[in-house]
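# Mind folding the following:
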Amino acid sequence: MKHLYPNFEERLVHEMTCLKFVESQRSENIINRVVAKDTKPIPFVNGQEPPIDLPELTTISDVENLNPTTQLKTYIQGYGCSYDENDPQKSLKRKLADCVGFVTYQDVLYEFSDSNENLQDIENQNSTPNRRTGRLRSRHHG
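Reported below is the predicted structural model:
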(Lines give C-alpha, C1' and ligand atoms only; values in the text may rest on other atoms or scores of the structure.)
Protein backbone atom coordinates (compact mmCIF):
# COMPACT_ATOMS: atom_id res chain seq x y z
CA MET A 1 0.00 0.00 0.00
CA LYS A 2 1.42 3.35 -1.06
CA HIS A 3 1.05 6.11 1.52
CA LEU A 4 0.29 9.67 0.51
CA TYR A 5 2.78 10.92 3.08
CA PRO A 6 5.72 8.58 3.65
CA ASN A 7 6.64 10.22 6.93
CA PHE A 8 5.05 12.04 9.80
CA GLU A 9 6.79 15.36 9.10
CA GLU A 10 5.38 15.59 5.57
CA ARG A 11 1.87 14.86 6.82
CA LEU A 12 2.22 17.45 9.56
CA VAL A 13 3.43 20.08 7.09
CA HIS A 14 0.49 19.30 4.79
CA GLU A 15 -2.04 19.56 7.63
CA MET A 16 -0.57 22.83 8.89
CA THR A 17 -0.56 24.28 5.37
CA CYS A 18 -4.22 23.35 4.91
CA LEU A 19 -5.17 24.90 8.25
CA LYS A 20 -3.32 28.13 7.48
CA PHE A 21 -5.04 28.39 4.09
CA VAL A 22 -8.45 27.82 5.70
CA GLU A 23 -7.68 30.51 8.29
CA SER A 24 -6.53 32.99 5.65
CA GLN A 25 -9.60 32.35 3.48
CA ARG A 26 -11.85 32.82 6.52
CA SER A 27 -10.11 36.13 7.26
CA GLU A 28 -10.58 37.22 3.65
CA ASN A 29 -14.27 36.36 3.87
CA ILE A 30 -14.64 38.45 7.03
CA ILE A 31 -13.09 41.43 5.23
CA ASN A 32 -15.26 40.82 2.17
CA ARG A 33 -18.40 40.74 4.35
CA VAL A 34 -17.45 44.07 5.96
CA VAL A 35 -17.00 45.78 2.57
CA ALA A 36 -20.07 44.07 1.02
CA LYS A 37 -18.14 41.89 -1.42
CA ASP A 38 -18.81 38.27 -2.29
CA THR A 39 -17.29 35.61 -0.09
CA LYS A 40 -15.20 32.76 -1.45
CA PRO A 41 -15.54 29.03 -0.81
CA ILE A 42 -13.35 27.73 1.97
CA PRO A 43 -11.76 24.29 1.60
CA PHE A 44 -12.22 21.73 4.33
CA VAL A 45 -9.43 21.32 6.86
CA ASN A 46 -8.11 18.32 4.90
CA GLY A 47 -7.41 20.65 1.97
CA GLN A 48 -10.21 19.36 -0.25
CA GLU A 49 -13.08 21.46 -1.55
CA PRO A 50 -16.53 20.70 -0.14
CA PRO A 51 -18.40 18.12 -2.25
CA ILE A 52 -20.03 19.50 -5.37
CA ASP A 53 -23.51 18.49 -4.20
CA LEU A 54 -23.35 20.90 -1.24
CA PRO A 55 -24.76 24.40 -1.74
CA GLU A 56 -22.30 27.27 -1.68
CA LEU A 57 -22.16 29.27 1.52
CA THR A 58 -22.10 32.88 0.34
CA THR A 59 -24.51 34.41 2.85
CA ILE A 60 -25.71 33.73 6.36
CA SER A 61 -29.06 32.61 4.98
CA ASP A 62 -27.27 29.86 3.02
CA VAL A 63 -26.23 28.42 6.39
CA GLU A 64 -29.83 28.75 7.62
CA ASN A 65 -31.17 26.78 4.66
CA LEU A 66 -28.88 23.76 4.95
CA ASN A 67 -30.43 20.33 5.36
CA PRO A 68 -29.42 19.42 8.95
CA THR A 69 -28.87 15.69 8.53
CA THR A 70 -26.58 15.82 5.54
CA GLN A 71 -25.46 19.27 4.46
CA LEU A 72 -25.04 20.93 7.86
CA LYS A 73 -23.38 17.86 9.33
CA THR A 74 -21.01 17.51 6.34
CA TYR A 75 -19.93 21.14 6.58
CA ILE A 76 -19.48 20.99 10.37
CA GLN A 77 -17.33 17.85 10.11
CA GLY A 78 -15.40 19.12 7.08
CA TYR A 79 -14.40 22.32 8.85
CA GLY A 80 -13.38 20.41 11.95
CA CYS A 81 -15.88 22.14 14.23
CA SER A 82 -16.26 20.40 17.54
CA TYR A 83 -19.87 19.43 18.15
CA ASP A 84 -22.06 16.97 19.93
CA GLU A 85 -24.97 15.11 18.33
CA ASN A 86 -27.15 16.69 21.05
CA ASP A 87 -26.25 20.29 20.09
CA PRO A 88 -29.33 22.19 18.85
CA GLN A 89 -29.32 22.99 15.13
CA LYS A 90 -29.27 26.69 15.96
CA SER A 91 -25.96 26.22 17.78
CA LEU A 92 -24.47 24.17 14.93
CA LYS A 93 -25.48 26.78 12.38
CA ARG A 94 -23.84 29.51 14.46
CA LYS A 95 -20.63 27.44 14.70
CA LEU A 96 -20.60 26.89 10.96
CA ALA A 97 -21.26 30.58 10.24
CA ASP A 98 -18.26 31.44 12.41
CA CYS A 99 -16.07 28.85 10.63
CA VAL A 100 -16.71 30.41 7.22
CA GLY A 101 -16.31 34.02 8.35
CA PHE A 102 -19.90 35.18 8.72
CA VAL A 103 -19.12 37.17 11.85
CA THR A 104 -19.95 40.77 10.95
CA TYR A 105 -22.35 42.71 13.14
CA GLN A 106 -25.28 41.86 10.85
CA ASP A 107 -24.29 38.16 10.79
CA VAL A 108 -24.13 37.97 14.57
CA LEU A 109 -27.56 39.59 14.85
CA TYR A 110 -29.06 37.08 12.42
CA GLU A 111 -31.55 34.83 14.20
CA PHE A 112 -31.31 31.26 13.00
CA SER A 113 -34.54 29.29 13.02
CA ASP A 114 -35.61 28.38 16.50
CA SER A 115 -35.41 24.63 16.05
CA ASN A 116 -34.09 23.02 19.18
CA GLU A 117 -33.93 19.63 17.51
CA ASN A 118 -30.50 18.12 17.49
CA LEU A 119 -28.97 15.88 14.83
CA GLN A 120 -29.90 12.70 16.71
CA ASP A 121 -33.56 13.75 16.92
CA ILE A 122 -33.71 14.49 13.22
CA GLU A 123 -31.96 11.28 12.18
CA ASN A 124 -34.49 9.30 14.22
CA GLN A 125 -37.47 10.86 12.40
CA ASN A 126 -39.09 9.02 9.52
CA SER A 127 -39.90 12.12 7.48
CA THR A 128 -37.45 13.74 5.09
CA PRO A 129 -36.34 17.24 6.13
CA ASN A 130 -36.92 20.15 3.77
CA ARG A 131 -34.61 20.18 0.79
CA ARG A 132 -32.30 23.09 0.20
CA THR A 133 -33.30 25.27 -2.73
CA GLY A 134 -30.30 27.29 -3.73
CA ARG A 135 -27.20 27.38 -5.82
CA LEU A 136 -25.14 24.26 -5.93
CA ARG A 137 -21.39 24.52 -5.88
CA SER A 138 -19.91 25.17 -9.31
CA ARG A 139 -17.34 22.79 -10.73
CA HIS A 140 -14.83 25.52 -11.50
CA HIS A 141 -13.18 28.11 -9.32
CA GLY A 142 -13.01 31.69 -10.39
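
# Please make it C-alpha for all contacts and neighbour counts, starting now.
Will do.

# Distance check, the closest residue to residue 19 other than its chain neighbours against residue 90.
Spatial nearest neighbour of residue 19, excluding adjacent residues (Cα to Cα, 6 or more residues apart in numbering): residue 45 at 5.7 Å. Going from residue 45 to residue 90 by Cα to Cα, to the nearest Å gives 22 Å.

# Would you mind pulling up the elements that the host helix or strand of residue 19 packs against?
Under the criterion of DSSP states H and E, residue 19 resides in helix 8-34. Other helices and strands packing on helix 8-34, by 3 or more Cα pairs under 8 Å, 6 or more residues apart in numbering; DSSP states H and E, are absent; none qualifies.

# who's more crowded, residue 45 and residue 90?
residue 45 (22 against 17; other Cα atoms under 10 Å).

# Contact partners for the more buried one?
15, 18-19, 22, 78-80 (Cα atoms under 8 Å, 6 or more residues apart in numbering).

# try 6 Å
Residues counted as contacts of residue 45 (Cα atoms under 6 Å, 6 or more residues apart in numbering) are 18-19, 79.

# Give me the three-state assignment for the residue nearest to residue 19.
Here residue 45 is recorded as coil under DSSP: H, G, I helix; E, B strand; the rest coil.

# Quick check: the gap between it and residue 34.
Note on residue 45: its distance to residue 34, by Cα to Cα, is 24 Å.

# any idea which element the spatially most central residue of the chain lies in?
Central residue of the chain (Cα atoms, centre = their mean): residue 75, 3.7 Å from the mean position. Using DSSP H and E, residue 75 falls within helix 73-78.

# ok now that helix, how far from the chain's centre?
Helix 73-78 has its C-alpha centroid displaced from the chain centroid by 6 Å (Cα atoms, centre = their mean, to the nearest Å).

# State the phi and psi torsions of residue 53.
Residue 53 adopts backbone torsions of phi -80, psi 0, taken as degrees, to the nearest 10.

# that older thread, show me which positions of the helix holding residue 75 end up buried.
For helix 73-78, the buried set under the neighbour-count rule, 16 or more other Cα atoms under 10 Å, comprises 73-76, 78.

# residues contacting residue 49?
residue 43.

# what about it, is that helix, strand or coil?
The three-state label given to residue 49 by three-state DSSP is coil.
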